[in-house]
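K.L.:
Here is my input; please provide its structure:
(2 chains)
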Amino acid sequence: MNISRSLAFLSAGVLSLALSTFGLTQPSQAGSVLNDVITRGVLRIATVPSNPPYSSVNASGEPEGYDVEIGKRIAAALKVKPEFTMVDTAGRITALQTGRVDITVADFTNTVERSTAIAFTDPYAVIGSVFMVAKDSPINSVEELNDAKYKIGVARGGTTEATAQRVAPNAQLVRFDTVLDAYMALQAGQVDAHLQDSLKNASFLKKANGAMRNLDGNFSYEEIGIGLPAGDFDWWRVVNTWVRQFNNSGENARLFETYFGYQMPKFN
Amino acid sequence: MYEFNLAALKGYIAALPPALAATVWLSLLAIVCSLALGIVLALMRTNTNRLLRIVGGTYVEVLRNVPLLIIIYLFFFGLPAVGLRLSGWQTSFLALTFASAAYMAEIVRGGLAGVGPGQYEAARSQGMGAFQLYGYVVLPQVIRIAYAPFGNMCVAIVLGSSLASVVGVEEVTTWMHSAGSGSFRYLEAFTVAALAYVVLAQAINGLRIATGRWLLRHRNPGAPL
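P.N.:
Numbers count the residues shown, from 1 in each chain, chains lettered A, B, ... in the order given. Next up, the predicted model:
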């Protein structure tokens, strides 16, 4: 067989493989995510890898965390198996838009702007944002931080980016791929402050053992919900029912305390 | 159904030219500096002095076997522990330069190896000094042999500069993330960024070929580059 024929077969093979995988990721007709999940027997869940204690990847490569546990419990309630896909901050939305996953549980803030592209359940947590600085930092308030010579580290594409710009517009914003990278930058002294989810903050401060402290003030009100593909009311109805019962039965408070190490503040 | 619509990125296109400029600047600077360092390393590796050969060889072997992302992490997050705090841009530039210099060293060494010892003897027998020997005999042959692999390395440096986004440098990949998360049209942002890199890599490649033609302008016209 000569070279050009082999190449023709090879490219035909690659092309058909590419087209078939493209077909697999096409979302089915709107309104049937629930049917697909039950038929498939698998709940596909997107989460982010470097956001403990919400979600992280342990040493054996398994996802673990508060959000991961929520995903597993929803799958159990639907009597299907959970399957996790790791995405980055941007991927939380893209994965839903392109039908790659059925839900996204990833410290995901419900904003009106995002709601125009995807759907959210009622909140299972409500957070604010606090600034964390090194213990011996010369900065004592947000007014002092709002200065062009200071750098604030944030995770790219999340709500902390917008909040930091709103609260301290003069400071330089340094964007990192993950929350952990931004926190590492604060530890290494590469940035002067790190804007963080207020619920994570308490557990990070405990782990930092006094090396870090907060600036006064809580700078946002954010409802954390589960992201769903837009346009499917039946799917939303089912997952939202789970979220409501998860909150009201006290199961949420117990799970939170397991992963965050303190009692969850009441939010509803 | 997801509808691909490039017009959704309209508000973010204005921020693209500065990002392109930042990528071009970082890449060109890294290309020039890593080539210079690569030449030094190649000369070290082919030197008669054994210590120089060992140092050069170790540098090349180590830096060719560590991923660029890890080098960037080491410089940005690790160096402050020993007191050296580099900015995101400085980290990316140094990491890109040091990593690429290892590959440049091998490219230059391959070029040098292609110039037979007979050339040196013939040039010396004609009474050429070192400047004439290297300027008229050795370097043109090295350039001809090494120019294609050098071109590959230039493209690799342009693409490798996208890792600068991990430490917050405002270049094309950072633009892609900002435009995508701002407009929720990630697929469009990814596509535009990919096209931007294709255009930039081709532009730098074109620059390399034009420079090569100018450097070898006195050679026979049919010589391929």
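K.L.:
drop to CA atoms for contacts and neighbour counts, all remaining ones
P.N.:
OK.
K.L.:
Quick one: the helices in chain B, in order.
P.N.:
Applying DSSP state H to chain B gives helices spanning B:16-45, B:50-63, B:68-73, B:88-113, B:117-125, B:130-132, B:139-160, B:172-183, B:186-215.
K.L.:
next one: the stretch 101-250 of chain A
P.N.:
Under the criterion DSSP state H, counting those that start in this stretch, the stretch 101-250 of chain A carries helices at the ranges A:112-115, A:142-145, A:159-167, A:179-188, A:198-208, A:233-248.
K.L.:
picking that back up, where among the helices of chain B is average confidence lowest?
P.N.:
Least confidently modelled of the helices of chain B is helix B:130-132, at a mean of 81 by mean pLDDT.
K.L.:
other SSEs contacting that helix?
P.N.:
Using 3 or more Cα pairs under 8 Å, 6 or more residues apart in numbering or on different chains; DSSP states H and E as the contact criterion, no helix or strand is in contact with helix B:130-132.
K.L.:
so what's the closest residue to chain B within the stretch 101-250 of chain A up against?
P.N.:
At 4.8 Å from chain B, A:Arg175 is the closest residue in the stretch 101-250 of chain A, using Cα to the nearest Cα. Neighbour list for A:Arg175: A:153-156, A:161, A:182, B:166-168 [criterion: Cα atoms under 8 Å, 6 or more residues apart in numbering or on different chains].
K.L.:
likewise A:Pro229?
P.N.:
A:96-97, A:99, A:102-103, A:118-119.
K.L.:
let's go with 7 Å and repeat that
P.N.:
A:Pro229 sits next to A:96-97, A:102, A:118-119 when contact means Cα atoms under 7 Å, 6 or more residues apart in numbering or on different chains.
K.L.:
which among the residues you listed are in contact with chain B?
P.N.:
A:Gln97 (Cα under 7 Å from any Cα of the partner chain).
K.L.:
Need the worst-confidence member of the contacts of A:Pro229.
P.N.:
Minimum pLDDT across the contacts of A:Pro229 falls on A:Gln97, with 88.
K.L.:
Next up, phi/psi of that residue, please.
P.N.:
phi -60, psi -40 (degrees, to the nearest 10).
K.L.:
Also A:Pro82?
P.N.:
phi -80, psi 140.
K.L.:
Return the set of residues that bridge with it.
P.N.:
Per DSSP bridges, the residues bridged to A:Pro82 are A:Leu43.
K.L.:
What residues does it make contact with?
P.N.:
A:Pro82 makes contact with A:42-45, A:72, A:75 under the criterion Cα under 7 Å, 6+ apart.
K.L.:
Quick one: neighbours of residue 172, just the number.
P.N.:
With no chain named, the answer covers chain A. 20 (other Cα atoms under 10 Å in any protein chain shown).
K.L.:
Chain B, not that one
P.N.:
Around B:Val172 there are 28 residues (other Cα under 10 Å).
K.L.:
per-residue pLDDT, A:Thr98?
P.N.:
pLDDT at A:Thr98 comes out at 87.
K.L.:
cool, A:Gly23 as well?
P.N.:
Predicted confidence (pLDDT) for A:Gly23: 45.
K.L.:
what distance separates stretch A:86-95 from the centre of its chain?
P.N.:
8 Å (Cα atoms, centre = their mean, to the nearest Å).
K.L.:
Show me what that stretch is in contact with.
P.N.:
By Cα under 7 Å, 6+ apart, stretch A:86-95 touches A:46-49, A:101, A:104, A:157-158, B:181, B:186.
K.L.:
Phi and psi next, for A:Ser55.
P.N.:
phi -160, psi 140.
K.L.:
I should have written A:Ser50 there, sorry.
P.N.:
Torsion angles, degrees, to the nearest 10, at A:Ser50: phi -120, psi 60.
K.L.:
Could you look up the SS state of A:Thr89?
P.N.:
coil (DSSP: H, G, I helix; E, B strand; the rest coil).
K.L.:
okay, now A:Gly250: neighbour count?
P.N.:
So A:Gly250, with other Cα under 10 Å, has 11 neighbours.
K.L.:
and A:Ala12, what pLDDT?
P.N.:
65.
K.L.:
any chance of the contacts of A:Pro229 in JSON lines, with neighbour count too?
P.N.:
Below are the contacts of A:Pro229 laid out as JSON lines (neighbours: other Cα atoms under 10 Å in any protein chain shown):
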{"residue": "A:Leu96", "neighbour count": "24"}
{"residue": "A:Gln97", "neighbour count": "24"}
{"residue": "A:Asp102", "neighbour count": "22"}
{"residue": "A:Ile118", "neighbour count": "20"}
{"residue": "A:Ala119", "neighbour count": "23"}
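K.L.:
Which ones among the contacts of A:Pro229 lie within strands?
P.N.:
A:Ala119 (DSSP state E).
K.L.:
Nearest to chain A: which residue in chain B?
P.N.:
Taking Cα to the nearest Cα, chain B has B:Gly168 as its residue nearest chain A, at 4.8 Å.
K.L.:
Can you name the residues of chain A sitting close to chain B?
P.N.:
Counting by Cα under 7 Å from any Cα, the residues of chain A near chain B are A:27, A:90, A:94, A:97-98, A:157, A:174-177, A:184-185, A:188, A:190.
K.L.:
As a markdown table, the residues you listed with distance to B:Phe131 would be great.
P.N.:
Output for the residues of chain A next to chain B, formatted as a markdown table (distance: Cα to Cα, whole Å):
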| residue | distance to B:Phe131 |
| --- | --- |
| A:Pro27 | 67 |
| A:Ala90 | 56 |
| A:Thr94 | 59 |
| A:Gln97 | 63 |
| A:Thr98 | 62 |
| A:Gly157 | 55 |
| A:Val174 | 48 |
| A:Arg175 | 49 |
| A:Phe176 | 49 |
| A:Asp177 | 50 |
| A:Met184 | 51 |
| A:Ala185 | 49 |
| A:Ala188 | 48 |
| A:Gln190 | 46 |
